[in-house]
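Student: Task: produce atomic coordinates for the following.
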Amino acid sequence: MFGPFETFIGLRYVRAKRRNHFISFISLTSMVGVALGVMALITVLSVMNGFEKELTSRILGMASHASVVSRNKTMEE
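Tutor: Purely as a prediction, here's the structure:
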């Protein structure tokens, strides 16, 4: 999916040398945070989409699609 250049840059900061463990920790924490955020966003959008369909079907099930109104006026004057 990603080319060798992007993979090289990503792995460069994930696999740290002896002196750069803190950078590796920050990189891993950032990637896990982004992954969790995307997962939560996809889950919430899926739930809201299903809720919207259910709400629409219930509202349309209770309300009529058309109303018939008479325009005849009676002369009561």
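Student: Quick check: the gap between residue 39 and residue 45.
Tutor: 11 Å (Cβ to Cβ, to the nearest Å). C-beta: built from backbone N, CA, C; applies to glycine.
Student: same question for the helix ranked longest in the chain, mean pLDDT?
Tutor: The longest helix of the chain (DSSP state H) is helix 21-62. Averaged across helix 21-62, the pLDDT comes to 85.
Student: Could you name the helices and strands sitting against it?
Tutor: When contacts are defined as 3 or more Cβ pairs under 8 Å, 6 or more residues apart in numbering; DSSP states H and E, helix 21-62 sits against helix 4-14.
Student: Report the angle between the helix it packs on and helix 21-62.
Tutor: Interaxial angle, helix 4-14 versus helix 21-62 (axes from the mean of the first three to the mean of the last three Cα atoms, to 10 degrees): 110 degrees.
Student: which residues are contacting helix 4-14?
Tutor: 2, 23-24, 27-28, 31 (Cβ atoms under 8 Å, 6 or more residues apart in numbering).
Student: Mind doing that once more with 6 Å?
Tutor: residue 27 (Cβ atoms under 6 Å, 6 or more residues apart in numbering).
Student: in it, what's buried?
Tutor: The neighbour-count criterion (16 or more other Cβ atoms under 10 Å) identifies no buried residues in helix 4-14.
Student: for the record, mean pLDDT for that helix?
Tutor: Mean predicted lDDT for helix 4-14 stands at 78.
Student: And that helix, how far out from the chain middle?
Tutor: Averaged C-alpha coordinates place helix 4-14 at 28 Å from its chain's average position (Cα atoms, centre = their mean, to the nearest Å).
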